[in-house]
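Colleague: With the sequence up front, the predicted model follows.
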Amino acid sequence: MEDVTDIVFRHVVSEAARPDVFFTEFTNTESFCHPEGIHSVRGRLTFSEDEQPMVAHIWGDKPEQFRETSIQLAKMGFKGIDLNMGCPVANVAKKGKGSGLILRPDVAAEIIQATKAGGLPVSVKTRLGYYEIDEWKDWLKHVFEQDIANLSIHLRTRKEMSKVDAHWELIEAIKNLRDEIAPNTLLTINGDIPDRKTGLELAEKYGIDGVMIGRGIFHNPFAFEKEPREHTSKELLDLLRLHLSLFNKYEKDEIRQFKSLRRFFKIYVRGIRGASELRHQLMNTQSIAEARALLDEFEAQMDEDVKIEL
């Protein structure tokens, strides 16, 4: 996820409950291939060996740039490359990138084939269609025909964004299409999957190969637990402290302003008396030291460790 799944947050999630595979943030291939632009995006590709297998998530619309990027990503030690053909944001999609590639199937195919130059497994992250749900049949058939390692399908159209429920009712039909066209391609489902347990139930019911959890991690940082259990407010605050420490640890590898942390506070501070005020105060902090001091003061006054319903 953009501005979310950096090396810092991935390590927080790993501490809470590790997934099987990690993906980087979006990295623009045009910037990656530019002699100056590479410096602005390199932090997005920072990872540590304890995170493996790591998959680089890239976007753009120039096949030759995907070819060059794929070769360099292989040298950097990534285990796979994921092509973004699903981002619904207007300034991406309307330029024919992200989900805009759904309307440019020939270019999408060229990009997939070009990315294979790096020798890594190539996967595609996309949506059911651009405007209408019925687009999925022709679009996904086309993608399956490209001989990819994995298809991750967000079960909504670009037009739907995340405003409607994910179309789980189409999983069986999509799986049948995969079996017919590309039985060796793994099928991963995304959309409204809150945790590992729900994902495994879907996998067993429909015979799919995996599930992807994105926004659900904001609601439950323990979403990937193999044995779900109750968690407390103290555990969430401990994860916030870890997040702050890791931000310091990796600041030389991934230069980000402190304010980028603010989007994460709501994950950890909730469900307890005074949570709203603490979040407000944290949003006004300007440094790691200030945030830690607020946490120290708040926890010193906590009269109970509340179980949180995630």
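Modeller: On my side now, so go ahead.
Colleague: Okay, strands next: where are they in the stretch 151-300 of the chain?
Modeller: 186-190, 210-212, 231-232 (DSSP state E, counting those that start in this stretch).
Colleague: pull the CA atoms of the longest one into CSV?
Modeller: This means strand 186-190. C-alpha atoms of strand 186-190 as CSV (Å, rounded to 0.1, in the frame of the first residue of the first chain):
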residue,chain,number,x,y,z
LEU,A,186,-1.6,-19.1,-8.7
LEU,A,187,-4.8,-17.2,-7.8
THR,A,188,-4.8,-14.8,-4.9
ILE,A,189,-8.0,-13.0,-3.8
ASN,A,190,-8.1,-9.5,-2.3
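Colleague: re the thing from before, hey, which of the strands of the stretch 151-300 of the chain is tucked in deepest?
Modeller: strand 186-190 (a mean of 21; mean count of other Cβ atoms under 10 Å). No exception for glycine: its C-beta is placed from N, CA and C like everyone else's.
Colleague: partners of that one in the sheet?
Modeller: Applying DSSP bridges, strand 186-190 is found paired with strand 150-154 (parallel), strand 210-212 (parallel).
Colleague: What mean pLDDT does the shortest one get?
Modeller: Read that as strand 210-212. Here strand 210-212 scores 97 as its mean pLDDT.
Colleague: Just the element for Thr24, please.
Modeller: Secondary-structure assignment from DSSP states H and E places Thr24 in strand 22-28.
Colleague: quick one: strands adjacent to that strand?
Modeller: Short version: by DSSP bridges, strand 22-28 pairs with strand 54-59 (parallel).
Colleague: Pull the residues that contact the strand it pairs with.
Modeller: Contact with strand 54-59 is made by 21-29, 32, 45, 47, 66, 69, 73, 76-84, 87, 92, 97-98, 123, 125, as judged by Cβ atoms under 8 Å, 6 or more residues apart in numbering.
Colleague: After that strand, which helix or strand is next?
Modeller: Sequence-wise, the next helix or strand downstream of strand 54-59 (DSSP H and E) is helix 63-76.
Colleague: So which elements touch that following helix?
Modeller: In terms of contacts (3 or more Cβ pairs under 8 Å, 6 or more residues apart in numbering; DSSP states H and E), helix 63-76 is packed against helix 29-33, strand 54-59, strand 80-85, helix 105-115.
Colleague: tell me, which of those is the model least confident about?
Modeller: Minimum mean pLDDT among the helices and strands packed on helix 63-76: helix 29-33, a mean of 95.
Colleague: tell me which strands and helices the next helix or strand along the chain from that helix is in contact with?
Modeller: Heading C-terminal from helix 29-33, the first helix or strand you meet, by DSSP H and E, is helix 37-41. Packing partners of helix 37-41 (3+ Cβ pairs under 8 Å, 6+ apart): strand 22-28, helix 29-33.
Colleague: got the buried residues for helix 37-41?
Modeller: In terms of neighbour count (16 or more other Cβ atoms under 10 Å), helix 37-41 has its buried residues at Val41.
Colleague: and what of stretch 243-254?
Modeller: Buried residues in stretch 243-254, counting neighbours by 16+ other Cβ under 10 Å, are found at His243, Leu244, Leu246, Phe247, Tyr250, Glu254.
Colleague: May I ask which two of the residues you listed are separated the most?
Modeller: Leu244 and Glu254 (14.6 Å; Cβ to Cβ).
Colleague: Using PDB, write out every CA atom in the longest helix along the chain.
Modeller: Counting residues, the longest helix found in the chain (DSSP state H) is helix 233-249. Extracted as PDB, the C-alpha positions of helix 233-249 are listed here (Å, rounded to 0.1, in the frame of the first residue of the first chain):
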ATOM      1  CA  SER A 233      -4.600  -1.900  24.600                       C
ATOM      2  CA  LYS A 234      -1.200  -2.300  26.100                       C
ATOM      3  CA  GLU A 235      -0.200  -4.600  23.300                       C
ATOM      4  CA  LEU A 236      -1.300  -2.000  20.700                       C
ATOM      5  CA  LEU A 237       0.700   0.800  22.500                       C
ATOM      6  CA  ASP A 238       3.700  -1.500  22.600                       C
ATOM      7  CA  LEU A 239       3.400  -1.900  18.800                       C
ATOM      8  CA  LEU A 240       3.400   1.900  18.500                       C
ATOM      9  CA  ARG A 241       6.500   2.100  20.600                       C
ATOM     10  CA  LEU A 242       8.100  -0.400  18.300                       C
ATOM     11  CA  HIS A 243       7.000   1.600  15.300                       C
ATOM     12  CA  LEU A 244       8.700   4.700  16.700                       C
ATOM     13  CA  SER A 245      11.900   2.800  17.400                       C
ATOM     14  CA  LEU A 246      12.000   1.200  14.000                       C
ATOM     15  CA  PHE A 247      11.400   4.600  12.400                       C
ATOM     16  CA  ASN A 248      14.600   5.800  14.100                       C
ATOM     17  CA  LYS A 249      16.500   2.600  13.100                       C
END
